[in-house]
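Engineer: Here is my input, please return the structure:
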Amino acid sequence: MFKKKPRFIVIALMIMLAVITTGCGSSGSADSSNAAAENEKTPAEQPAAANTESSTLQLRTYKTDKGDVEIPVKPQRIVTDYYGGELLSVGANVVGVEPTAFDNPFIKDLLKDAKDVGTAVDPEKALALKPDLIVVMYDTNYDALSKIAPTILIPYGTASNIYETVRMFGDIAGTKDKAEEFLVNFDKKALEGREKLKGIVDGDATFDLNELTDKGELWIFGDNAGRGGQAVYNALKLKMPEKLKTTNQTTQISLELLSDYSADYMFLTTYDPEKKGDRLKQLKDSPIWKNVKTVKNNKVFFNDFDTYYRYDPIAVTAQIDLFVDMLLKRHEENQK
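Structural biologist: The predicted model follows:
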């Protein structure tokens, strides 16, 4: 009997080992099934914390109008509404942006991998992109967005010029070095533009930025409301008429007052989303328009809305060359 006992022990051990192995195998299958089920969930059903990359990023405190927000020191995936160009100018990775940004001729190529998240950022669309930072101009859906990722509200007009803008977004994106590099290139471009205009544009000549709307309204813009203001007044340092040197960035005027506000040069954009052209034709056919000195002197420039409406740093920099080129070309025409 004593000789057979070890054999029974071996058999018993083999049976126990088989039981243990079977148990482990069942547990692994259950885990795999759960993982598969989790992966089949839609982005909206998956928790934001699933983005393990963002959860391990180093954080810092950023002060906003909504209070202090803990944001990544170096955000990797940013969703925004109207700050696509500002973020791209400092090298940020913009994964989601509002739809009209894709019509911006200066940044559309940089947005080829980005997604449309809606005019007011849609929380579900934002969640699907797994951002680690959201930056918005308007606080629509702010609370919902804040549950997806740290969200910064920067109201329109927070910065008053390209320098403040670029440095602010360089700080947000954790790319202050790229912000300063951008500004060095901007200053270089502006200086080159001013040099090209020497002897072409009288140093005392004045310039205004007008816009005609699809309702027939006439507006005049300042140096920080798009339509080329920063390029014209800040970069090229062309003069603004004294009447426009107010705190208002936009001023509506009547056609009858156009001569009173007209400068030596006029840049006119037309907001005409349906491309009818009727309002511009009416303006050009008006006796008042034909008698404006700027019109008589052939120093009016009709500019594309989509190109000159833009005011992000990338657009402003590119607009410098556009304004210089059109002034040089017109000078040649008027000399003939």
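Engineer: Strands of the stretch 201-336 of the chain, residue ranges please.
Structural biologist: 207-212, 218-221, 250-253, 265-270, 300-303 (DSSP state E, counting those that start in this stretch).
Engineer: Which one of those strands has the poorest average confidence?
Structural biologist: Looking at the strands of the stretch 201-336 of the chain, the lowest mean pLDDT belongs to strand 250-253 (a mean of 90).
Engineer: what helices or strands is that strand leaning on?
Structural biologist: Other helices and strands packing on strand 250-253, by 3 or more Cβ pairs under 8 Å, 6 or more residues apart in numbering; DSSP states H and E, are strand 218-221. Every C-beta, even on glycine, is put in place using the N, C-alpha and C of the backbone.
Engineer: Sheet-wise, list the partners of the strand it packs on with their directions.
Structural biologist: Note on strand 218-221: by DSSP bridges, its sheet partners are strand 207-212 (antiparallel), strand 250-253 (antiparallel).
Engineer: Out of the strands of the stretch 201-336 of the chain, which one sits most buried?
Structural biologist: With neighbours defined as mean count of other Cβ atoms under 10 Å, the strands of the stretch 201-336 of the chain peak in mean count at strand 207-212, which reaches a mean of 24.
Engineer: Tell me how many other residues crowd N298.
Structural biologist: 10 (other Cβ atoms under 10 Å).
Engineer: you'd agree it is up against Q335?
Structural biologist: No. Look at N298 against Q335 with Cβ atoms under 8 Å: they stay out of range, at 11.1 Å.
Engineer: Domain-wise, how is this protein divided?
Structural biologist: In terms of domains, the chain is parsed into 50-178, 199-335 (source: automatic domain parsing).
Engineer: need the helices for the stretch 51-200 of the chain, in chain order.
Structural biologist: Using DSSP state H, counting those that start in this stretch, the helices of the stretch 51-200 of the chain run over residues 52-55, 84-89, 123-128, 142-146, 162-173, 176-197.
Engineer: out of those helices, deepest packed?
Structural biologist: helix 84-89 (a mean of 27).
Engineer: on that earlier part again, what would the strands paired with strand 218-221 look like in TSV with distance to G170?
Structural biologist: TSV is the format used below for the strands paired with strand 218-221 (distance: least, Cβ to Cβ, whole Å):
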stretch	distance to G170
strand 207-212	27
strand 250-253	28
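Engineer: And the helices in the stretch 201-336 of the chain, which stretches?
Structural biologist: Assigned by DSSP H, counting those that start in this stretch, the helices in the stretch 201-336 of the chain fall at 229, 258-261, 278-285, 287-290, 293-296, 305-309, 313-335.
Engineer: Tell me which of these sits nearest to L87.
Structural biologist: Among the helices of the stretch 201-336 of the chain, the nearest to L87 by Cβ to Cβ is helix 313-335 (9.9 Å).
Engineer: Which positions within that closest one qualify as buried?
Structural biologist: By 16 or more other Cβ atoms under 10 Å, the buried positions in helix 313-335 come out as 313-320, 322-324, 327, 330.
Engineer: can those go into TSV with extra columns for pLDDT?
Structural biologist: Below are those laid out as TSV (pLDDT from 0 to 100):
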residue	pLDDT
P313	97
I314	98
A315	97
V316	97
T317	98
A318	97
Q319	98
I320	98
L322	98
F323	98
V324	98
L327	98
R330	96
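Engineer: Nearest to S146, out of the residues you listed: which one, please.
Structural biologist: P313 (26.6 Å).
Engineer: check contacts around that closest one.
Structural biologist: Residues counted as contacts of P313 (Cβ atoms under 8 Å, 6 or more residues apart in numbering) are G85, E86, S89, I162, T165, V166, F182, F186.
Engineer: same question, N297
Structural biologist: Going by Cβ under 8 Å, 6+ apart, N297 touches D264, N334.
Engineer: in the protein, which residue is closest to the centre?
Structural biologist: Centroid check for the chain by Cα atoms, centre = their mean gives G84 as the closest residue, at 2.1 Å.
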